[in-house]
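Novice: this one's sequence-less:
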């Protein structure tokens, strides 16, 4: 998925005014909570320099398949941490997470799966879905 972002921005996301999440520093380390926070800011139109609530995907969500390419859970894409089939994850895996989170919190998520690359999507926030997700995350992993 990194390659799709690079192509979409023509190797210059800042110059193209495309806001992407890329946290790889000791000062602000990446974690999935930070990722979800960024996604919710995008939904609400609160990202720095975000003109409206439109979200565009460099890879169409309808192309996500657990048995497709890149393979889910195999550390493809960039990572700055240990990663194997049993530990950690890389950027390509994160896209699956992002699509699932939007599917949970957007009442119009079905539309997300009809989009083409670069086609705008505005999430209609479903607070019941958000609160259900929040409750699941607060409980922690199932044993």
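Specialist: Arrived safely, thanks for sending. For clarity, every value in this text was computed on a predicted model and none was experimentally measured.
Novice: Going by C-alpha atoms from here, please, whenever you check contacts or count neighbours.
Specialist: Will do.
Novice: Identify the residues contacting the closest residue to residue 45 other than its chain neighbours.
Specialist: Closest residue to residue 45 in three dimensions, ignoring its sequence neighbours and counting by C-alpha to C-alpha, 6 or more residues apart in numbering: residue 53, at 4.3 Å. Remark: with contacts taken as C-alpha atoms under 8 Å, 6 or more residues apart in numbering, residue 53 is in contact with 42, 43, 44, 45, 46, 122, 123.
Novice: Do me a favour and get the end-to-end distance for stretch 110-127?
Specialist: Separation of the first and last residues of stretch 110-127 by C-alpha to C-alpha, to the nearest Å is 16 Å.
Novice: Pull the residues that contact whichever strand or helix holds residue 128.
Specialist: When secondary structure is defined by DSSP states H and E, residue 128 falls within helix 127-139. With contacts defined as C-alpha under 8 Å, 6+ apart, helix 127-139 is touched by 104, 105, 106, 107.
Novice: what kind of secondary structure is the first one in?
Specialist: Recorded secondary structure, residue 104: helix (DSSP: H, G, I helix; E, B strand; the rest coil).
Novice: and the nearest residue to it once chain neighbours are set aside, how far is that from residue 136?
Specialist: Spatial nearest neighbour of residue 104, chain neighbours left out: residue 129 (5.6 Å); criterion: C-alpha to C-alpha, 6+ apart. Between residue 129 and residue 136 the computed distance is 11 Å (C-alpha to C-alpha).
Novice: measure residue 138 to residue 33 for me?
Specialist: Summarising the geometry, the distance separating residue 138 from residue 33, computed by C-alpha to C-alpha, is 11 Å.
Novice: and residue 129 and residue 136? which has more neighbours close in?
Specialist: Neighbours per residue, other C-alpha atoms under 10 Å: of residue 129 and residue 136, the larger number sits with residue 129, 17 against 12.
Novice: Output the below-cut-off pLDDT ranges for this protein.
Specialist: 1-25, 68-90, 143 (pLDDT under 70).
Novice: mind redoing it with 90?
Specialist: Residue ranges of the chain with pLDDT under 90: 1-38, 47-52, 55-59, 63-97, 118, 137-138, 140-143.
Novice: now the helices: where do they sit in it?
Specialist: Secondary structure of the chain (DSSP state H): helices at 2-8, 32-44, 91-105, 109-112, 127-139.
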